[in-house]
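**Student:** Quick one, structure for this:
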Amino acid sequence: MATRLGRRFSNSTVIDSEYLRTSNAGTRRYRYTLKCDCGNIYKLSDKAFGQAAEPCAKCRKPQQKNENSLYRNPLFNAWQSMHNRCSNPNDPGFANYGGRGIHVCAEWTGISNYPGAKKGMSGFRAFLEDMGDRPKGHTLERIDNNGPYSKANCKWATPAEQAKNRRTNVLVTLDGETKIFKDWCKQAGLDYRMLLEKMRGTTRTHEYMLNRYWIKVRGVRKRFTAWANEFSVDPNALWGFVDKSGLEVWDAFELVAERRNWQPTPPITHPT
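**Tutor:** So this is what the prediction gives:
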C-alpha cells in the first residue's frame with residue numbers, strides 16, 4: 001500500500017490511501033486518492049487501480065467526445081472497409097485481398113488508449129494524418145497491387161487511374177514505351193474487344209496483335225488501311241499475299257516500301 005503513495009500513473013499522482021477491509025482470502029483492500037495534473041481529485045479502489053494508467057474522468061471526456069466524432073468522419077467507412085477486406089473472411093472482397101496476403105500496416109491498425117474506446121481508432125487517426133482529405137471523386141488505391149495498405153503504397157486515385165491499376169490489366173511495351181493494352185488500342189484507334197476476340201484460342205500475344213494491326217514501317221506506325229492507302233495497294237490483295245507468302249504484315253509493307261523507295265516525310269521544323 002505505502003509503495004503506491006507518490007507514484008505517478010499517466011497524468012495523476014497518488015496522494016493518499018485508506019484501508020477498507022480484508023477479503024475472505026486475506027487480501028487487504030484499499031481505496032486510493034489521486035490528483036490529476038488538471039487539478040481533479042478522484043478516488044479509485046485497488047481493484048480499479050489499473051485504470052489510473054489512463055486519464056482521469058474529467059480529462060477523458062473531451063477525448064471520448066473527439067473519439068465519437070471520428071466515427072462520423074466520411075473516411076471512416078473507407079478505413080473500416082479496408083480492414084474488412086484484409087481481415088474478415090466473411091467479407092465479399094476477402095479472397096482478393098486478405099486471401100492473397102494483402103494486409104493493413106501496423107500504423108493504421110491501432111487500439112485507443114483509454115477505457116471503453118473501440119478498437120482501431122488510433123489507427124484511424126494515423127490513417128487520416130497520412131492520407132489527408134479525400135479529393136472529390138477519388139478512392140483509396142494501392143500503388144503496388146501486391147503490396148500492403150500503407151502510407152508508402154497508397155494514394156487517392158480517380159476511377160480512371162484505378163482502372164489502369166487493376167491486376168487484370170496487361171502491360172505492353174512498344175518502341176520503348178510501356179502502357180496497358182487498352183490504352184495502346186485507344187491511341188492506335190483499334191477496337192480493343194475485336195483484338196481480344198481475334199486472340200481467343202490462339203498463342204498470339206497482346207504485343208503481336210498491336211504490331212499486326214498498328215503496323216510499323218520505317219519508324220512510322222499506321223493502321224493497315226492507312227498503309228494500304230499510302231501505297232495505293234488493295235487491302236484484300238495484300239492480305240492474300242501475306243497469307244500465301246507466310247510473311248508478317250509489317251514485313252509485307254516493308255517490302256512494298258523498299259520496292260517503291262518510300263521514305264517517311266521528315267518532320268517540319270521551324271526556324272527559331
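**Student:** how much space between residue 149 and residue 109?
**Tutor:** Distance of residue 149 to residue 109, computed by CB to CB, to the nearest Å: 9 Å. Placement of C-beta: from N, CA and C, glycine included.
**Student:** what residues are up against residue 250?
**Tutor:** Listed by CB atoms under 8 Å, 6 or more residues apart in numbering, the contact partners of residue 250 are 211-212, 215-217.
**Student:** Try it again at 10 Å.
**Tutor:** Residues near residue 250 by CB atoms under 10 Å, 6 or more residues apart in numbering: 211-212, 214-217, 221, 224, 227, 242.
**Student:** Over to residue 195?
**Tutor:** Counted by CB under 10 Å, 6+ apart, residue 195 has contacts 181-182, 184-185, 188, 204, 206, 209-210, 212-214.
**Student:** Residue 257 against residue 216, yeah?
**Tutor:** No - counting by CB atoms under 10 Å, residue 257 sits too far from residue 216 to count as a contact (11.2 Å).
**Student:** and residue 17, bridged to which residues?
**Tutor:** residue 32 (DSSP bridges).
**Student:** Now do the same for it: its pLDDT.
**Tutor:** Note on residue 17: pLDDT of 81.
**Student:** ok, it - how many residues close by?
**Tutor:** 17 (other CB atoms under 10 Å).
**Student:** So what are the structural domains in the protein, by residue number?
**Tutor:** 2-53, 64-163, 171-259 (automatic domain parsing).
**Student:** Now distance to residue 265 too, for the ones you listed, in CSV please.
**Tutor:** Below are these laid out as CSV (distance: least, CB to CB, whole Å):
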stretch, distance to residue 265
domain 2-53, 79
domain 64-163, 34
domain 171-259, 9
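**Student:** By mean pLDDT, show me the worst of those.
**Tutor:** domain 2-53 (a mean of 76).
**Student:** Sitting in strands, which of the contacts of residue 250 do you find?
**Tutor:** Within the contacts of residue 250, residues falling in strands by DSSP state E are 214-217, 221.
**Student:** quick revisit: which neighbours do residue 149 and residue 109 have in common?
**Tutor:** The contact lists of residue 149 and residue 109 share 79, 82-83, 86, 103, 127, where a contact means CB under 10 Å, 6+ apart.
**Student:** ok, and the most crowded of the residues you listed?
**Tutor:** Going by other CB under 10 Å, residue 127 tops the shared contacts of residue 149 and residue 109 with 28 neighbours.
**Student:** the helices in this structure, which residues?
**Tutor:** 57-70, 76-87, 121-131, 159-164, 181-188, 192-199, 206-213, 224-230, 235-245, 249-259 (DSSP state H).
**Student:** and of these, who's closest to residue 36?
**Tutor:** helix 57-70 (6.3 Å; CB to CB).
**Student:** Can I get the shared contacts of residue 149 and residue 109 in a markdown table including distance to residue 153?
**Tutor:** Converted to a markdown table, the shared contacts of residue 149 and residue 109 look like this (distance: CB to CB, whole Å):
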| residue | distance to residue 153 |
| --- | --- |
| 79 | 15 |
| 82 | 12 |
| 83 | 16 |
| 86 | 13 |
| 103 | 11 |
| 127 | 13 |
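**Student:** between residue 257 and residue 216, what contacts are shared?
**Tutor:** With CB under 10 Å, 6+ apart, residue 257 and residue 216 have common neighbours residue 227.
**Student:** Report the contact partners of residue 86.
**Tutor:** Per CB under 10 Å, 6+ apart, neighbours of residue 86: 93-94, 97-104, 109, 148-149.
**Student:** Please indicate which of the residues you listed are buried?
**Tutor:** 94, 97-98, 102-104, 109, 148-149 (16 or more other CB atoms under 10 Å).
**Student:** For the residues you listed, work out which two are farthest apart.
**Tutor:** 94 and 109 (16.0 Å).
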